[in-house]
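Novice: Show me the folded form of this:
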Amino acid sequence: MAILSEYPGLEVTVRVNGLTATEYDCSYDLESHVGEDFDEDTLCVNYIESSDDTMYYISVKVTQDYPWGYKDHCLHVVVYIDGQWVKAEYCHDINTDSGDWERYINYRVTEDSRDNFVKQYFRFAPITAVEGDEQRYQEDRLRAQDIGIINVRIYRAIETGAIDNVPSHRRPVGADLELSNEAAQEYAVTHGTRYSEPVQMLSTPSYGDCIYLPEDNGPIAQFYFVYRSREVLINQGFVPRDPDSTPEYSSRSPSAMPSDGGSSAEPAASRYRTYIDENGNEVVDLVDSDTEDHNNNNNNNNNNNNNNNNNNNNNNNNNNNNNNVVDEVQAEVESEIDETDLDVIFAGIQEYYADDDKDPDYVDY
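Specialist: Reported below is the predicted structural model:
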């Protein structure tokens, strides 16, 4: 969980397939990710692991520990992915009166060919490295500095009101994830963000404008998540080399995706993993390792019983008592297998569309 001591109460995490991604601190190497002009007290930079074709979203939380009051300000939260603006939210002091304020940023807004507002959900996708000349390298080198980075900026602001004229959101539906081989290697870029097929929004998002407090000279907090493959994390020394290992996530139980109204849901059962598919549906995947272990134990018991039966046959059935014991054990094991058979569980797949009227999608432009 990314937290800054300068401004308590601001928390940002990235959740991959519904689970909070394990974070690896790389504050020792800030310049290589955010440049030379930065205030270390306002920055939090972490590596996280990315893998091919994996859905993710960003959780932004403002707790009751945040110090409100100065100039009656609000907070303007702006999210950039791969150097591109994707979404923004406002949080006011009233929003934390009865508890923590939390928003899940899991899509960007764009327009389709008919000028309808649509959503596109986030997914990690592999970079395609290609050969190129010096000009291609120099161009891709600039792009590679932004690809593979999630940046959340939080500003103190004074909201000035709604905007009547909705700004255009027209932009390419896809993402260019080709880089020259030299540029990709220079910045160890392995993944970028690909966007899902467009999902039409049920209503037009609303917009507001604001003025940032000039004395802050920019955001009061910035959170960077540098997402890279497991191999890069191994090479950086964050993860031990283990060829059989799988992507690491924290033990925190997954949370069900709330509606755009922003209300938090109760955590899902810890034995099952939830994630949001590219159509915005919440899916529950059975990940009960105990069941697999139990089935393996049952199989071992069956093998032992077969061995016992073979031994009894080799002894020409001279020992009836042993045969009776074997039969009783085998019947008991078969009974356990029947009791532990589990159907594959899918939670009721809940269609996830925003009720935008409840949670205006404020943006700056």
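
Novice: switch to C-alpha atoms for all contacts and neighbour counts from now on
Specialist: OK.

Novice: ok, which stretches of this protein are helices?
Specialist: 31-34, 134-144, 181-186, 230-235, 289-314, 320-340 (DSSP state H).

Novice: Output the below-cut-off pLDDT ranges for the stretch 51-200 of the chain.
Specialist: Along the stretch 51-200 of the chain, segments meeting pLDDT under 70 span 165-175.

Novice: Hmm, residue 99 is touching residue 65, no?
Specialist: No. Look at residue 99 against residue 65 with C-alpha atoms under 8 Å: they stay out of range, at 10.2 Å.

Novice: Where among the helices of the chain is average confidence lowest?
Specialist: When the helices of the chain are ranked by mean pLDDT, helix 320-340 comes last with a mean of 42.

Novice: Now the longest strand along the chain - C-alpha only, CSV.
Specialist: Ranked by residue count and defined by DSSP state E, the top strand of the chain is strand 149-162. Taking C-alpha atoms only, strand 149-162 is exported to CSV below (Å, rounded to 0.1, in the frame of the first residue of the first chain):
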residue,chain,number,x,y,z
ILE,A,149,4.1,3.3,-15.4
ILE,A,150,0.9,4.1,-13.6
ASN,A,151,1.0,7.6,-12.1
VAL,A,152,-1.6,8.9,-9.6
ARG,A,153,-1.4,12.7,-8.9
ILE,A,154,-3.3,14.3,-6.0
TYR,A,155,-3.8,18.1,-6.0
ARG,A,156,-5.3,20.4,-3.4
ALA,A,157,-7.8,22.5,-5.3
ILE,A,158,-10.8,24.9,-5.2
GLU,A,159,-13.7,23.6,-7.3
THR,A,160,-15.1,26.3,-9.5
GLY,A,161,-18.2,24.6,-10.8
ALA,A,162,-19.6,22.4,-13.5
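
Novice: Quick check: buried residues in it?
Specialist: 149, 150, 151, 152, 153, 154, 155, 156, 157, 158, 159 (16 or more other C-alpha atoms under 10 Å).

Novice: Likewise for stretch 222-239?
Specialist: Buried positions in stretch 222-239, judged by neighbour count with 16+ other C-alpha under 10 Å: 222-233, 238-239.

Novice: now swap in stretch 50-63 and tell me
Specialist: 50, 51, 54, 55, 56, 57, 58, 59, 60, 61, 62, 63.

Novice: swap in stretch 132-147?
Specialist: For stretch 132-147, the neighbour count (16+ other C-alpha under 10 Å) marks 137, 140, 141, 143, 144, 145, 146, 147 as buried.
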